[in-house]
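In: just to be clear, the model below is a prediction. Sequence and coordinates:
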Amino acid sequence: KLFEQKYKSTVRAVANVSTVEFLQSHPNLFLVQLDTGSVALHPSVASGPPIADASVPRDEKFVIDELEQLIEDAGPVVYISSLCGKFIQRNGVSVTSITKARPNDLFKRHPDRFLLLGGGNV
């Protein structure tokens, strides 16, 4: 009902699926418990910085901005593997699939935004 009140439309009208189907199709965002009728934000979403606007293009700039926010939230030093895992949890896609580059190479291309510390840390 909250969605309908806020957007003056239904999930079905917007996404062409029921609300439950929509929530279940985004397991990286929502934890759905049908037996209790409850829905919660996935812990990776609830605990980190705000999720990026869905209308923002998923390109290298998006990845850089998102990684920077994740580091600020968890940092100041973060293990690259953990950072990339958090990125996948929040966005449902890997850094490499968007940038076509290994995360380490991506960090090297942006020394103005990231400092590689060695030992797999940034």
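Out: Cool, the structure landed. Numbering: from 1, shown residues only.
In: and the one residue sitting closest to the centre of the chain, how close does it get to residue 26?
Out: The chain has residue 90 as the residue nearest its centroid, 2.4 Å off, counting by Cα atoms, centre = their mean. Residue 90 sits 11 Å away from residue 26, going by Cβ to Cβ, to the nearest Å. C-beta here means a position set from N, CA and C on the backbone, and glycine is covered the same way.
In: run the chain-centre distance for the host helix or strand of the residue nearest to the centre of the chain.
Out: Per DSSP states H and E, residue 90 falls inside helix 80-91. Distance of helix 80-91 from the chain centroid (Cα atoms, centre = their mean, to the nearest Å) equals 8 Å.
In: quick one: list the elements packing against it.
Out: For helix 80-91, the elements it packs on are helix 43-47, helix 60-74, helix 103-109, judged by 3 or more Cβ pairs under 8 Å, 6 or more residues apart in numbering; DSSP states H and E.
In: may I see the buried residues of it?
Out: Within helix 80-91, the residues that qualify as buried are 80, 83, 84, 86, 87, 89, 90, 91, counting by 16 or more other Cβ atoms under 10 Å.
In: and for stretch 91-101?
Out: For stretch 91-101, a neighbour-count test (16+ other Cβ under 10 Å) marks 91, 95, 98, 99 as buried.
In: show me where pLDDT drops low in this structure?
Out: Scanning the chain for pLDDT under 70 picks out 44-48.
In: on that earlier part again, to residue 115, which of the helices and strands packed on helix 80-91 lies closest?
Out: helix 103-109 (8.3 Å; Cβ to Cβ).
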